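>>> coordinates only, no sequence provided:
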């Protein structure tokens, strides 16, 4: 449940899929969150300025105004909703773009209830206790320094949204070798998920366009 020291968080769900809206409401309300759903980005955008502060769960793929476009509009209008992006298979690159634009996390479909709860709690921390950016960057950089040159290269392509097989082709490696590198990267970065790994990598200064930045040192 939400921490006793924090007020009950309001979670805004923006998704054109009624089953997903219902599912998220069903998953979050028993944990103590107030959930308000919107069927379209435009509907949420029209209401956003009058809404109480809260968290935003936003689907990447929506008609008319997609999740990334809505995020950009909210940023331009200086409307701050700590955002979790919901992504489908193969949309990691879009999710990384969202995180570079300020999203707190991304969750790939299909996801377990505990996964979305963990992401919402992370966003809730951002809402009530914004992290010290310098400290986060310093900690991430220290973990990045533990990676070998090859592991760093693999990480850059992971952050760019490439799959293990795609990275293997880029680096002329076997998919199994990339899987092994990825496992070691997760261990050294102390990341429990791909989204956490991406957060740490971006905080540490890894480029999100794969191999574009030479490693320092």
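Arrived safely. In this text, all values refer to a predicted model and were calculated from it rather than measured experimentally.
>>> how about residue 187, secondary structure?
Recorded secondary structure, residue 187: helix (DSSP: H, G, I helix; E, B strand; the rest coil).
>>> what separates it from residue 180, distance-wise?
11 Å (Cβ to Cβ, to the nearest Å). Every residue, glycine included, has its C-beta placed from N, CA and C.
>>> more crowded one of those two?
residue 180 (14 against 10; other Cβ atoms under 10 Å).
>>> how much space separates the residue most central in space within the chain from residue 149?
Taking Cα atoms, centre = their mean as the criterion, residue 105 is the residue nearest the geometric centre of the chain, at 2.2 Å. When distances are taken as Cβ to Cβ, residue 105 and residue 149 turn out to be 29 Å apart.
>>> with residue 123 instead?
34 Å.
>>> quick one, phi psi at residue 96?
When read as degrees, to the nearest 10, the backbone of residue 96 gives phi -60, psi -40.
>>> check contacts around it.
Residues in contact with residue 96 (Cβ atoms under 8 Å, 6 or more residues apart in numbering) are 106, 159-161, 198, 202, 208.
>>> and the two most separated of those residues?
Between all members of the contacts of residue 96, the longest pairwise span (Cβ to Cβ) is found for 106 and 160 and amounts to 14.3 Å.
>>> neighbour count: the two, which is higher?
residue 106 (26 against 20).
>>> who does whichever strand or helix holds that one pair up with?
Per DSSP states H and E: residue 106 is located in strand 105-108. Next to strand 105-108 in the sheet, as set by DSSP bridges, lie strand 83-87 (parallel).
>>> ok and the lowest-mean-pLDDT helix or strand in the chain relative to strand 83-87, angle-wise?
Considering only helices and strands, the least confidently modelled element of the chain by mean pLDDT, DSSP states H and E is helix 92-100, at a mean of 77. Relative orientation of helix 92-100 versus strand 83-87 (axes from the mean of the first three to the mean of the last three Cα atoms, to 10 degrees): 180 degrees.
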